[in-house]
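Chemist: have a look at this fold, sequence not included:
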């Protein structure tokens, strides 16, 4: 019998997820300042600040980190070109921090330069994933979604770079939709098709429909992007309607998968809970997008916050509650399989707090939405403070989890529910 | 339970791509009797399944046989089926 040796591919994923949480804290802090500035308590902040940190940092980094885990795992390979991932991580973060600094001092040249650096990081990501870690014969449905997502990331950051260098003026909406729907939501589709059955111990239902949904989603993203670039309202509304259809099909597949077949776990996995909340918001956000396109009512802010927090934050936090504990579990305990008792995955984090935070995130989101709808910005700021506290606690918990990964031993394991990976008998 | 012969159910999920190996294991676990042990071979070490098995009420033993060859043995918690069974294959 050979010892089980943990792989090294997990390193960059862990770094990406923790950095992303730091950007979430920063995004929320900036958002609170922005909301407070609406009450004239503070000088108005450049609204671009939290768009950049939120979209390029909080949303994009977990996707990048997760892709470094998903691509090799789903194809049964080790991560190739791992050294390049650290350079890629460096470019992305240099880009984000440089953009932040440039916006704070109002330097347009700096904004163009650092957006270019971020774009270089995105292209390096594409090279590592598509050029070095994709095997055509092993491309599954989820990997197809991920490949499409990477292409939309490149499109989005290219347009953003051209805009910021003054070489094009294609506007922010096309970039937002390419990055949030094309890049992030396509990643969500692919990730949930593989993660949700795995986490809830179910089988993916209506797989053929999921394959159709891939094409519908791409058609919608392309239609939307064309609408924002040149096509105008008919294409925006039409593309939005196709995206809405893709979201409905996706939710149907996910819901069917969760509700059919044997229930092998006593309750919903905490990550699945967050995913389902994100999926419900996804349908709402895509429907609201059509309303915003067709009617002249200003719900763009509500649309954006529901997308960033309702959809993406729910899904990303849900994914983090699996990926980070899993990576720590694998790195710490894989070599101990068969030698000593190791804890259950859910014993690596505070499940009670995770459940509490699920409700706190979603209630505070809707309080925030109410604040926007009724122009009560102090309510928005209060909800933002709640979310900032939740994000800071989550960051602290995950840092603590990662810090103790190498010190895992049976002496500090929980007594109850410990799993013997090499049990020689019952219990 | 020690008086009874333990049956071994063997499956090989190596040719399948994720998530099919897990689905195949789960399908067989649903049908696994108290006097049976499920033996699964794969080229990957079942890393996403392992942390969930305790929650499902199964004990297990994982061995790496070669660089890309893993053997996972599973049985219902509370039974004493850890040793080799009679080798029947479902």
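Modeler: In hand now; what should we look at? Bear in mind the structure is a predicted one, so any value in this text is a computation, not a measurement. Numbering: from 1, shown residues only, chains lettered A, B, ... in the order given.

Chemist: mind checking the SS state of the closest residue to residue B:40 other than its chain neighbours?
Modeler: Leaving out its chain neighbours, the residue that sits closest to residue B:40 by C-beta to C-beta, 6 or more residues apart in numbering or on different chains is residue B:72, at 4.6 Å. Glycine gets a C-beta too; all of them are placed from N, C-alpha and C. Three-state assignment for residue B:72 (DSSP: H, G, I helix; E, B strand; the rest coil): strand.

Chemist: OK, contacts around the residue nearest the centre of chain A?
Modeler: Computing the C-alpha centroid of chain A and ranking residues by C-alpha atoms, centre = their mean puts residue A:316 first, at 4.0 Å. Contacts of residue A:316 were listed using C-beta atoms under 8 Å, 6 or more residues apart in numbering or on different chains, and they are A:20, A:58, A:59, A:62.

Chemist: check for me that it belongs to a helix.
Modeler: Yes. Under three-state DSSP, residue A:316 sits within a helix.

Chemist: pLDDT score for it?
Modeler: Looking at residue A:316, its pLDDT stands at 96.

Chemist: separation between it and chain B?
Modeler: 19 Å (C-beta to the nearest C-beta, to the nearest Å).

Chemist: let me see the ranges of the helices in the stretch 1-150 of chain A.
Modeler: For the stretch 1-150 of chain A, the helices defined by DSSP state H, counting those that start in this stretch cover A:10-37, A:48-51, A:60-74, A:82-105, A:108-126, A:141-164.

Chemist: over to chain B?
Modeler: With DSSP state H, the ranges of helices along chain B come out as B:20-31, B:50-56.

Chemist: and the helix-or-strand element of chain B with minimal mean pLDDT, what does it pack against?
Modeler: Of all helical and strand segments in chain B, the minimum by mean pLDDT, DSSP states H and E falls on helix B:50-56, at a mean of 79. Helices and strands touching helix B:50-56, as assessed by 3 or more C-beta pairs under 8 Å, 6 or more residues apart in numbering or on different chains; DSSP states H and E, comprise strand B:58-66.

Chemist: rounded mean pLDDT for the strand it packs on, please.
Modeler: For strand B:58-66, mean pLDDT rounds to 84.

Chemist: any bit of it sitting next to chain A?
Modeler: Yes. Strand B:58-66 lies within reach of chain A by C-beta under 8 Å from any C-beta of the partner chain, at B:59, B:60, B:61, B:62, B:63, B:64, B:65, B:66.

Chemist: so what's the second one bridging to?
Modeler: Partner residues in beta bridges with residue B:60: residue B:74, with DSSP bridges as the criterion.

Chemist: what about stretch B:27-34, near chain A?
Modeler: Yes. Stretch B:27-34 reaches chain A (C-beta under 8 Å from any C-beta) through residue B:30.

Chemist: surely residue B:8 and residue B:37 touch.
Modeler: Yes. Taking contacts as C-beta atoms under 8 Å, residue B:8 lies within contact range of residue B:37: 5.1 Å.

Chemist: these two - which one has more neighbours?
Modeler: More crowded of residue B:8 and residue B:37, by other C-beta atoms under 10 Å in any protein chain shown: residue B:37, with 24 against 19.

Chemist: follow-up on the earlier one: the residue nearest to residue B:40: neighbour count?
Modeler: A count of nearby residues for residue B:72, using other C-beta under 10 Å, gives 22.

Chemist: how about it, what does it touch?
Modeler: Residue B:72 is in contact with B:25, B:39, B:40, B:41, B:42, B:46, B:49, B:60, B:61, B:62, B:63, counting by C-beta under 8 Å, 6+ apart.

Chemist: make a ChimeraX selection of the buried ones in the residues you listed.
Modeler: Remark: buried members of the contacts of residue B:72, expressed as a ChimeraX selection using 16 or more other C-beta atoms under 10 Å in any protein chain shown:
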select /B:25,39,40,42,46,49,60,61,62,63
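
Chemist: and chain B, which of its residues are near chain A?
Modeler: Proximity of chain B to chain A, by C-beta under 8 Å from any C-beta, involves residues B:17-19, B:22-23, B:26, B:30, B:43-45, B:47-48, B:50-56, B:59-67, B:77-80, B:82.

Chemist: and the helices of chain B, which is most packed in?
Modeler: Most buried of these by mean neighbour count (mean count of other C-beta atoms under 10 Å in any protein chain shown) is helix B:50-56; its value is a mean of 21.

Chemist: ok, residue B:62 touching residue B:69?
Modeler: No. With contact defined as C-beta under 8 Å, residue B:62 does not count as touching residue B:69 (11.8 Å).

Chemist: so what's residue 55 closest to, chain neighbours aside?
Modeler: By default, I'm working from chain A. That would be residue A:179: by C-beta to C-beta, 6+ apart, it lies 5.5 Å from residue A:55.

Chemist: ah, I was thinking of chain B
Modeler: Using C-beta to C-beta, 6+ apart and skipping residues adjacent in sequence, the residue nearest residue B:55 is residue A:265, 5.8 Å away.

Chemist: what's near enough to touch the one you found?
Modeler: By C-beta under 8 Å, 6+ apart, the residues touching residue A:265 are A:200, A:201, B:52, B:55, B:56.

Chemist: and with 7 Å instead?
Modeler: For residue A:265, the contact set (C-beta atoms under 7 Å, 6 or more residues apart in numbering or on different chains) comprises A:200, A:201, B:55.

Chemist: can I get the residues you listed in a markdown table with distance to residue A:392?
Modeler: Below are the contacts of residue A:265 laid out as a markdown table (distance: C-beta to C-beta, whole Å):
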| residue | distance to residue A:392 |
| --- | --- |
| A:200 | 29 |
| A:201 | 33 |
| B:55 | 30 |
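
Chemist: with respect to residue A:386, which of those residues is nearest?
Modeler: Checking the contacts of residue A:265 against residue A:386 with C-beta to C-beta, the nearest one is residue A:200 at 28.6 Å.

Chemist: contact partners for that closest one?
Modeler: Residue A:200 neighbours (C-beta under 7 Å, 6+ apart): A:258, A:265, A:269, A:272.

Chemist: could those residues go into TSV alongside secondary structure, distance to residue A:163 and pLDDT?
Modeler: Output for the contacts of residue A:200, formatted as TSV (DSSP: H, G, I helix; E, B strand; the rest coil; distance: C-beta to C-beta, whole Å; pLDDT from 0 to 100):
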residue	secondary structure	distance to residue A:163	pLDDT
A:258	helix	41	94
A:265	coil	47	86
A:269	coil	41	92
A:272	helix	38	96
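
Chemist: so where's the chain shaky on pLDDT?
Modeler: The chain I'm using is chain A. Applying pLDDT under 70 to chain A flags the ranges A:1-10, A:35, A:37-47, A:334-340, A:405-427.

Chemist: sorry, should have said chain B
Modeler: Chain B contains residues with pLDDT under 70 at B:1-4, B:80-90.

Chemist: can you rerun that using 80?
Modeler: B:1-5, B:18, B:44-45, B:47-48, B:51, B:54-55, B:67, B:78-90 (pLDDT under 80).

Chemist: surely residue B:75 meets residue B:57?
Modeler: No. Residue B:75 is beyond contact range of residue B:57, at 10.3 Å (criterion: C-beta atoms under 7 Å).

Chemist: looking at these two, which one has more neighbours?
Modeler: residue B:75 (28 against 12).

Chemist: ok, that one to residue B:10 distance?
Modeler: 13 Å (C-beta to C-beta, to the nearest Å).
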